[in-house]
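J.: here is my input; please provide its structure:
(chains A and B)
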Amino acid sequence: MSALVALSSMLDAHQIWRGRAEPLPAGDQPTGWAALDAALPAGGWPDASLSEILLPADGVGELRLLLPTLARLSHTARSIVVVTPPYAPCVAGWQQHGVDMRRVDIVAAPEANVLWATEQCLRSGCCAAVLAWPRQADDRALRRLQVAADTGRALAFVFRDRRHLCSASPAALRLEIETAPCVRVWVRKCRGGVAPTQPFPLARSLH
Amino acid sequence: MLWACILLPQLALDGVLRRRANDDPLVLVDGAVNARTIVAANASARAAGLCVGQRLIAAHALLAQFDVLPCDHQVVDRWQRFLAAVAYRYSSEVSLLPHAIVLEVSRSLGLFGPWPAFENMLRVDFTALGFRHRIALAPTPQAAYVLAGILDGSAVLEPAHLRDALQPVPIRKSRLPSASIDVLSGMGIRTLGQLLKLPRDGLRRRFGSELPEAIDRLLGDLPSGLGNYRPPDKFDLRVELAHEVENIAALLFPLRRMTSDLGAYLAGRDGGVQRFVLKLEHRDGWATELKIGLLSPERDAGMLFELTRGRLEQVQLPESVLALQLIARDLPSFVPTGRDLFDERPVNALPVEQLRERLRARLGDRAVYRLGSTTDPRPERAQAITESSAGYHEPHPRPTWLLDRPIPLRGPMPRILAGPERLETGWWDGAEACRDYYVIETSLGQHAWAFCQPGEQIGWMLQGWFA
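T.: Below you'll find the model as predicted:
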């Protein structure tokens, strides 16, 4: 047997992961949904990180979830980029939710370049939030986006089909939207805390 | 008045060398076809024993393999004008002398700092462009020209010290009229100091008015009499490649030089470029044209290179390329983006314009846009790619996603949440719309914006999603 190694020295050398992550400092990116803010460890979106939103279909309230955040960010110095949205953003609808459309850039990228364009926007540091709908995004691609979001101090939102729920993801936050019996949001993963066991309902007023 | 002289001793050679990536022996030759003489040789050619003034035949006897290029005086002239455009950045009074550029700097010193710092800026600029240079400062352009030929870096700041500085200059290097120089050397006058001591009227009797006037200009007793240089209104740079190039990667080296030249020219002009053309010239006089348009005027050389490279990499070369030409006619004024002291963006953030240009370079010119609203109520025309906004606030519910074209909505009968909202318009332009809009909920739980014919609740057409 080789010499015994003191546990404390290994802990000091950060050779052992202790399972309990550092408590996250409270971020300043509230989601605009009080119930969700209260459930999330950072008190809102994880700052400068990737958030993944899993959907059963388009049009189930995924933008409604984000619009308070986008409305807030569209009045800051940095702009918002929407990379290859599945449909055209409706100017009147977004304005009704308080988004300043002059600060929203839309990027039309072919399928092969969606991830590249998203990463460029995130990395640039001049975007407050980047929304993307990548169709072929594996673990590595999402990790790149996470690193880029960290570099550019931007919020990254990736919308994917809910069948990706079973595959692992490097996103700091994973939300799943469920439509039956009513529209609810499940927190499936949140870095720095335990995912709440209860979903929270997404009120969908028309205005 | 203070004049800086930038002497360019190897203008012709530097103009050729700066676009060659390799260091093979190279000489420039001039003269009649049967009596070619070397007028410039690069370092590796000189190391092999070739020297200026040697006959080309003799050079061939010394070295088996070296490149020979004719010395094109037009090209040399163009380089000099280009460098004058670069120097124009530092002074509004720039003049050309043979193999040299002089600029009046007394008023520029306030902006660019005291002379040693200013001189350093000039040296950095010219070194970056790949031109060897000697710089001197004197109260008259002619004196600066003479001093630059004698000692690189010499500076005479006070007119009172000019005479002393010129005293030891050999008469052969005084750049006075060459006919007089021969006679003066014959008279035993070796330095300018000896010449300045001679009585002026005696000189006038012996040499006519030309020599005394040249001396007066040298000392500043007469105005310099140089014509002012004015920068051209368009940028046109053509580079002939040494070999036929068939892949894009080999074009990048000359391209980087060209875009940095464009950037230097624009900085000198205090302008930017919004549109330019890159021509790839092929055999038989035809060319592939690459039009590059930017969203706003830019002049950063690195950015111009990145954008041009992005566009160039998408080009399939139909044939090998013999020459590159970069033409910029549209040169609007350039306003550098200011940054706020209390800027929220990260320190290393890219300007948003640069990000948009980078995306456009790879994804196409129409790939990045913003949407604005119009006054038309029809959903398919209610928004357009524009920066402006009609400023009209829609009181009725509008979705967040809009389909490009309405599509039939299939499936079981949807649940109606709101509506109808009657829309009857467009009779004046041939795209008449008469629809009842409803907010409905599909069986999947999606909220949709759909319409049907007035009064009916069948044949739903999907227009958007309340996502």
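
J.: residues near residue 78, how many?
T.: Picking chain A for this. 23 (other C-beta atoms under 10 Å in any protein chain shown). Every C-beta, even on glycine, is put in place using the N, C-alpha and C of the backbone.

J.: wrong one, I was asking about chain B
T.: B:R78: 15 neighbours (other C-beta under 10 Å).

J.: look up the pLDDT of it for me, please.
T.: In this model, B:R78 is scored at 86, pLDDT.

J.: sec struct for it, please.
T.: Using DSSP: H, G, I helix; E, B strand; the rest coil, the structure places B:R78 in helix.

J.: gap between it and A:S51?
T.: B:R78 sits 56 Å away from A:S51, going by C-beta to C-beta, to the nearest Å.

J.: just B:G193 next, same as before
T.: 81 Å.

J.: same deal with B:V183?
T.: From B:V183 to A:S51 the distance is 88 Å (C-beta to C-beta).

J.: show me what the host helix or strand of B:I215 is in contact with.
T.: Per DSSP states H and E, B:I215 falls inside helix B:210-219. For helix B:210-219, the external contacting residues (C-beta atoms under 8 Å, 6 or more residues apart in numbering or on different chains) are B:140, B:142-143, B:146, B:162-163, B:166, B:174, B:176-177, B:180, B:195-196, B:200, B:203-204, B:222-225.

J.: which residue ranges of the stretch 251-400 of chain B form helices?
T.: Assigned by DSSP state H, counting those that start in this stretch, the stretch 251-400 of chain B shows helices spanning B:252-269, B:301-312, B:352-363.

J.: for B:L423, what are its contacts?
T.: So, once contact is read as C-beta under 8 Å, 6+ apart, B:L423 ends up touching B:P377, B:R378, B:A433, B:C434, B:R435, B:D436, B:Y437, B:F451.

J.: A:A128 too?
T.: Shown in contact with A:A128 (C-beta under 8 Å, 6+ apart): A:L73, A:T76, A:R78, A:S79, A:I80, A:A154, A:L155.

J.: how about the fourth one: what's its closest non-neighbour residue?
T.: The shortest distance from A:S79 to any residue other than its chain neighbours is 4.9 Å, reached at A:R103 (C-beta to C-beta, 6 or more residues apart in numbering or on different chains).

J.: likewise for the first one?
T.: Excluding its sequence neighbours, the residue lying closest to A:L73 (C-beta to C-beta, 6+ apart) is A:A128, at 4.2 Å.

J.: export the strand or helix carrying that neighbour as PDB, just CAs?
T.: Here A:A128 sits within strand A:127-132, counting by DSSP H and E. The C-alpha trace of strand A:127-132 is given here as PDB (Å, rounded to 0.1, in the frame of the first residue of the first chain):
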ATOM      1  CA  CYS A 127     -26.000  41.200 -27.500                       C
ATOM      2  CA  ALA A 128     -28.000  41.000 -24.300                       C
ATOM      3  CA  ALA A 129     -30.000  37.900 -25.400                       C
ATOM      4  CA  VAL A 130     -29.800  35.500 -28.300                       C
ATOM      5  CA  LEU A 131     -32.700  33.300 -29.200                       C
ATOM      6  CA  ALA A 132     -32.100  30.300 -31.400                       C
END
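
J.: could you give the average pLDDT over it?
T.: The pLDDT scores in strand A:127-132 average 93.

J.: ok, and does the helix or strand just after that strand reach over to chain B?
T.: Once the chain leaves strand A:127-132, the next helix or strand it forms, by DSSP H and E, is helix A:139-152. Yes: against chain B, helix A:139-152 shows contacts by C-beta under 8 Å from any C-beta of the partner chain at A:G152.

J.: quick one, helix A:139-152 and strand A:127-132 angle?
T.: Put simply, helix A:139-152 runs at 170 degrees to strand A:127-132, going by axes from the mean of the first three to the mean of the last three C-alpha atoms, to 10 degrees.

J.: between helix A:139-152 and helix B:352-363, how many degrees?
T.: If you take the same axes, to 10 degrees, helix A:139-152 sits at 160 degrees to helix B:352-363.

J.: related to what we said a few turns ago, model confidence score at the residue nearest to A:S79, please.
T.: Among the per-residue scores, A:R103 shows a pLDDT of 89.

J.: burial measure for it, as a count.
T.: A:R103 has 19 neighbours, counted by other C-beta under 10 Å.

J.: buried sites along stretch B:123-132?
T.: Neighbour counts using 16 or more other C-beta atoms under 10 Å in any protein chain shown place B:R123, B:D125, B:F126, B:L129, B:F131 of stretch B:123-132 among the buried residues.

J.: what's the answer for stretch A:55-74, then?
T.: Judged by neighbour count (16+ other C-beta under 10 Å), stretch A:55-74 contains these buried residues: A:55-74.

J.: now that stretch: how far from the chain's centre is it?
T.: Here the centre of stretch A:55-74 is set off from its chain's centre by 11 Å, with C-alpha atoms, centre = their mean, to the nearest Å.

J.: as PDB, could you dump the C-alpha coordinates of it?
T.: This file holds the C-alpha atoms of stretch A:55-74, laid out as PDB (Å, rounded to 0.1, in the frame of the first residue of the first chain):
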ATOM      1  CA  LEU A  55     -41.600  22.400 -26.300                       C
ATOM      2  CA  PRO A  56     -44.200  19.900 -27.500                       C
ATOM      3  CA  ALA A  57     -45.100  22.200 -30.400                       C
ATOM      4  CA  ASP A  58     -44.700  25.800 -31.600                       C
ATOM      5  CA  GLY A  59     -47.000  28.400 -30.200                       C
ATOM      6  CA  VAL A  60     -47.500  27.000 -26.800                       C
ATOM      7  CA  GLY A  61     -46.400  30.100 -24.900                       C
ATOM      8  CA  GLU A  62     -42.600  29.800 -25.300                       C
ATOM      9  CA  LEU A  63     -42.300  33.500 -26.300                       C
ATOM     10  CA  ARG A  64     -44.800  34.600 -23.700                       C
ATOM     11  CA  LEU A  65     -42.400  33.100 -21.200                       C
ATOM     12  CA  LEU A  66     -39.500  35.200 -22.500                       C
ATOM     13  CA  LEU A  67     -41.300  38.400 -23.500                       C
ATOM     14  CA  PRO A  68     -41.000  40.200 -20.100                       C
ATOM     15  CA  THR A  69     -37.300  39.600 -20.200                       C
ATOM     16  CA  LEU A  70     -37.000  40.700 -23.800                       C
ATOM     17  CA  ALA A  71     -39.100  43.800 -23.100                       C
ATOM     18  CA  ARG A  72     -36.700  44.700 -20.300                       C
ATOM     19  CA  LEU A  73     -33.500  44.000 -22.300                       C
ATOM     20  CA  SER A  74     -34.700  45.900 -25.400                       C
END
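
J.: how about the nearest residue to the residue positioned nearest the centre of chain A, chain neighbours excluded?
T.: Nearest to the geometric centre of chain A sits A:S51, at 1.6 Å (C-alpha atoms, centre = their mean). Nearest residue to A:S51, sequence neighbours excluded (C-beta to C-beta, 6+ apart): A:L173, at 4.3 Å.

J.: just B:E432 next, same as before
T.: Counting by C-beta to C-beta, 6+ apart, the residue nearest B:E432 is B:G426, at 4.7 Å.

J.: with B:L278 instead?
T.: Spatial nearest neighbour of B:L278, chain neighbours left out: B:L290 (4.3 Å); criterion: C-beta to C-beta, 6+ apart.

J.: and the pLDDT for the one you found?
T.: 87.

J.: sheet partners, orientation included, of the strand holding A:A128?
T.: Partners of strand A:127-132 in the sheet, by DSSP bridges, are strand A:79-83 (parallel), strand A:155-161 (parallel).

J.: can you give me the strands in chain A?
T.: A:50-55, A:79-83, A:88-89, A:104-107, A:127-132, A:155-161, A:173-178, A:184-190, A:200-201 (DSSP state E).

J.: just put these in JSON lines and tack on distance to A:N113.
T.: Output for the strands of chain A, formatted as JSON lines (distance: least, C-beta to C-beta, whole Å):
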{"stretch": "strand A:50-55", "distance to A:N113": "19"}
{"stretch": "strand A:79-83", "distance to A:N113": "9"}
{"stretch": "strand A:88-89", "distance to A:N113": "19"}
{"stretch": "strand A:104-107", "distance to A:N113": "9"}
{"stretch": "strand A:127-132", "distance to A:N113": "11"}
{"stretch": "strand A:155-161", "distance to A:N113": "16"}
{"stretch": "strand A:173-178", "distance to A:N113": "25"}
{"stretch": "strand A:184-190", "distance to A:N113": "28"}
{"stretch": "strand A:200-201", "distance to A:N113": "35"}
